[in-house]
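In: Sequence plus the predicted model coming up.
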Number of protein chains: 2
Amino acid sequence: MLKEERQAYILHQVNLHNKVLSSHLSEQMQVSEDTIRRDLLDLSQEGKIIKVHGGALSNSFHQGVSSQNVYSVDEKKTIAYKALNLIQDGMFVLTSGGTTIIELAKILPKDLQATFVTASIPAAFEYAHHPNIEIIVIGDKLSKNAKITVGGEAIAKIQQIRADICLLGVNAFDATDGLTDNDWDVVQMKQAMIKTSKKVVVLSISEKINSTQQIKVCPASAIDILITELDPDADLLKPYKQLGIKIL
Amino acid sequence: MLKEERQAYILHQVNLHNKVLSSHLSEQMQVSEDTIRRDLLDLSQEGKIIKVHGGALSNSFHQGVSSQNVYSVDEKKTIAYKALNLIQDGMFVLTSGGTTIIELAKILPKDLQATFVTASIPAAFEYAHHPNIEIIVIGDKLSKNAKITVGGEAIAKIQQIRADICLLGVNAFDATDGLTDNDWDVVQMKQAMIKTSKKVVVLSISEKINSTQQIKVCPASAIDILITELDPDADLLKPYKQLGIKIL
DNA sequence: TATTATTTTGCAACTTTATGCAATTTTTAT
DNA sequence: ATAAAAATTGCATAAAGTTGCAAAATAATA
């Protein structure tokens, strides 16, 4: 087998599987691992693959890793714009924290007149820039991880509210496991928020769909509307539509 | 599984869920926790995640309040360091908002164990970075000017507290007119804070000394300690010393 | 074609890297 | 204050990588 042949094959395999192992290639092509390594070296020097200990990775793999300073901002913006349509003047809007909610806060139209209730300090901070909306902050002990207030006082306050709509940025959402999270206090808050709202909306980038965390917030059926960056007819969302959840 | 693959997966999970546990990752990828820790170390050294005890956090969550257009930062830092001496382990500290308080929040020693109560969203945000202090946020309607919560609920909550010390960033302080401000709601809050605290401390850059605003908070005699960036013996401060106020 | 030059390949000795384990220290939670 | 969980450190080991070199394969040229 010629060198060129081998390298073409390797390149093909890398692009196909995103990764190759030297040992594997060596066996497949019946040449020594030294030879494979030299091939990988050549290809990586031409910038066609990323050589790593034990094999190689496709280029696309590593490019994605480096540009992840702010994660999925575009997707979250898309979601935020869809969510915007649900908010109307005069509404009482209850929101959680999370970066998707922050994106939403940033794009609220200047002439919107509504009341936003939140326990999230970053969200409150962002809402405060808006000229017209009213902001109610739920007070209590501040959870440093989630940057939202948590505790009995906070939950009691939420229970006093009848919100028109509840917008939840979530950590994990799954058709069978429902809405799940990894922080007990946050879960308590979200449960209270869901219970007191006429309509419950989940904002989730598609990557979080069909993933599960440790603590259950509520079954999927408790959610009225699901917003992702995808087209509402996407296959991924079918199971949720069948549960009676409206997809936007 | 190659090291780079693992790290890419970890990075993905962190950005997806804002938090990962070493134990989970170890289980998910079938490698020892030591390996996970080394991966987390690598990633954190590249600045891609925040490594913490037990796992890692997304670094998008740990960005502080930008201190761009803050006047007289150096003076405020000086004041903050003086104020620091008044705070001891176990204390209940009630603080207002304002940039001087934010400076104080930034320099709190890491091993300080105290409880901070505040209605200021930026202050709460800054306190949230501290590893040991407890933070209680006072909830209510958020005043956009002052970025603090104001209203009956907030005042009622403050009245439930007996704080050891109250730190006030102020707008104007004068020997004859006392402490004054220009926002009615803020004044109500400050009055409540002063009433419920054993010791009242005013943090004020010298520019604000001998100035007066529209609404009175309290007479100068209600203040126990005054902190400015000046030497305590400065002429400017003599009238306040004569009123029995301790100068730092 | 024969012969020489060049490239490629595999091997052996050695170095580096990755990973897990055990002992100890640090952190965290109760 | 104490116990449990997690982190750190040092070390052992196996897998992977490197280098130099000689044999084999390929290409070039008289």
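Out: Nice, thanks for sending it over. Model, not experiment: these values are computed from the prediction.
In: Three-state assignment for the spatially closest residue to A:Val73 that is not a sequence neighbour, please.
Out: Leaving aside its sequence neighbours, A:Val73 sits nearest to A:Glu103 (CB to CB, 6 or more residues apart in numbering or on different chains; 7.2 Å). Where C-beta positions appear, they are placed from N, C-alpha and C, glycine not excepted. Under DSSP: H, G, I helix; E, B strand; the rest coil, the three-state class of A:Glu103 is helix.
In: Could I get the contacting residues of the residue lying closest to A:Ile138 once chain neighbours are set aside?
Out: The shortest distance from A:Ile138 to any non-neighbouring residue, by CB to CB, 6+ apart, is to A:Ala119 (3.9 Å). Contact analysis of A:Ala119 by CB atoms under 8 Å, 6 or more residues apart in numbering or on different chains lists A:96-97, A:137-138, A:140, A:148-150, A:154, A:158, A:189, B:139.
In: go with 6 Å
Out: A:Ala119 is in contact with A:138, A:148-149, A:154, counting by CB atoms under 6 Å, 6 or more residues apart in numbering or on different chains.
In: Could you measure from it over to A:Tyr9?
Out: Distance, A:Ala119 to A:Tyr9, by CB to CB, to the nearest Å: 57 Å.
In: nearest residue to A:Ser211 other than its sequence neighbours?
Out: Excluding the flanking residues, the one nearest A:Ser211 by CB to CB, 6+ apart is A:Ala172, at 4.4 Å.
In: picking that back up, ok, now how distant is the residue nearest to A:Ile138 from B:Gly47?
Out: 30 Å.
In: where does chain A come near DNA strand C, residue by residue?
Out: Neighbours of DNA strand C within chain A, by CB under 7 Å from any atom of the strand: A:1-3, A:6, A:30-32, A:34-35, A:38-39, A:53.
In: Using CSV, please lay out those together with distance to DNA strand D.
Out: Shown next, in CSV, are the residues of chain A next to DNA strand C (distance: CB to the nearest atom of the strand, whole Å):
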residue, distance to DNA strand D
A:Met1, 9
A:Leu2, 7
A:Lys3, 9
A:Arg6, 12
A:Gln30, 13
A:Val31, 12
A:Ser32, 9
A:Asp34, 5
A:Thr35, 10
A:Arg38, 8
A:Asp39, 11
A:His53, 5
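In: Give the phi and psi angles for the residue nearest to A:Ile138, as a check.
Out: phi -110, psi 0 (degrees, to the nearest 10).
In: hmm, back to that, what's the burial count for the residue nearest to A:Ser211?
Out: Residues within reach of A:Ala172, counting by other CB atoms under 10 Å in any protein chain shown, total 22.
In: measure it to B:Gln28 for me?
Out: Separation of A:Ala172 from B:Gln28 (CB to CB) stands at 14 Å.
In: Same question for A:Asn210.
Out: Separation of A:Asn210 from B:Gln28 (CB to CB): 15 Å.
In: Report the contact partners of the residue nearest to A:Ser211.
Out: A:180, A:208, A:211-213.
In: Could you identify the buried members of these?
Out: Burial by neighbour count, judged by 16 or more other CB atoms under 10 Å in any protein chain shown, picks out A:180, A:208, A:211, A:213 from those.
In: Assign the residue nearest to the first one when sequence neighbours are not counted to helix, strand or coil.
Out: The shortest distance from A:Thr180 to any residue that is not its chain neighbour, by CB to CB, 6+ apart, is 4.1 Å, and that residue is A:Gln213. Assigned state for A:Gln213: coil (three-state reduction, three-state DSSP).
In: Going along the chain, name the helices of chain A.
Out: Using DSSP state H, the helices of chain A run over A:3-17, A:22-29, A:33-45, A:59-66, A:73-84, A:99-107, A:121-127, A:152-159, A:184-195, A:238-242.
In: So which bits of chain A are right by chain B?
Out: By the rule CB under 6 Å from any CB of the partner chain, the part of chain A lying against chain B is A:52, A:54, A:57, A:65, A:71, A:121, A:124-125, A:128, A:135-139, A:141-142, A:144, A:147, A:149, A:171, A:207.
In: 7 Å - rerun?
Out: A:19, A:52-55, A:57, A:61, A:65, A:68, A:70-71, A:99, A:121-122, A:124-125, A:128, A:134-142, A:144-145, A:147, A:149, A:157, A:171-172, A:182, A:207-208, A:213 (CB under 7 Å from any CB of the partner chain).
In: Let's see the pLDDT reported for whichever residue of chain A sits closest to chain B.
Out: Proximity of chain A to chain B (CB to the nearest CB) peaks at A:Gly139, 2.6 Å away. Here the pLDDT value assigned to A:Gly139 is 93.
In: Unless I'm misreading it, it sits right up against B:Gly139, doesn't it?
Out: Yes - between A:Gly139 and B:Gly139 there is a contact under CB atoms under 7 Å: 2.6 Å.
In: list residues touching both of the two?
Out: Contact criterion CB atoms under 7 Å, 6 or more residues apart in numbering or on different chains; residues shared by A:Gly139 and B:Gly139: A:149, B:149.
In: which ones are touching the residue nearest to A:Thr180?
Out: By CB under 7 Å, 6+ apart, A:Gln213 lies in contact with A:171-172, A:180-182, B:17.
In: How about A:Thr115?
Out: A:Thr115 touches A:92-93, A:133-134, A:136, counting by CB under 7 Å, 6+ apart.
In: ok, and the helix or strand in chain A with the lowest average confidence?
Out: Taking mean pLDDT, DSSP states H and E as the measure, chain A has helix A:59-66 as its least confident helix or strand, at a mean of 57.
In: that older thread, quick check: the residue nearest to A:Ile138 vs B:Thr100, distance?
Out: Here A:Ala119 is placed at a distance of 27 Å from B:Thr100 (CB to CB).
In: Hmm, A:Lys19 and A:Leu55 touching each other?
Out: Quick fix: residue A:55 is Gly, not Leu. Yes - A:Gly55 lies in contact with A:Lys19 (CB under 7 Å); the separation is 6.3 Å.
In: Are there residues contacting both of these two? Which ones?
Out: In contact with both A:Gly55 and A:Lys19: B:Leu2, using CB under 7 Å, 6+ apart.
In: Centroid-nearest residue for chain A?
Out: For chain A, A:Ile205 is the residue whose C-alpha lies nearest the centre (CA atoms, centre = their mean; 4.2 Å).
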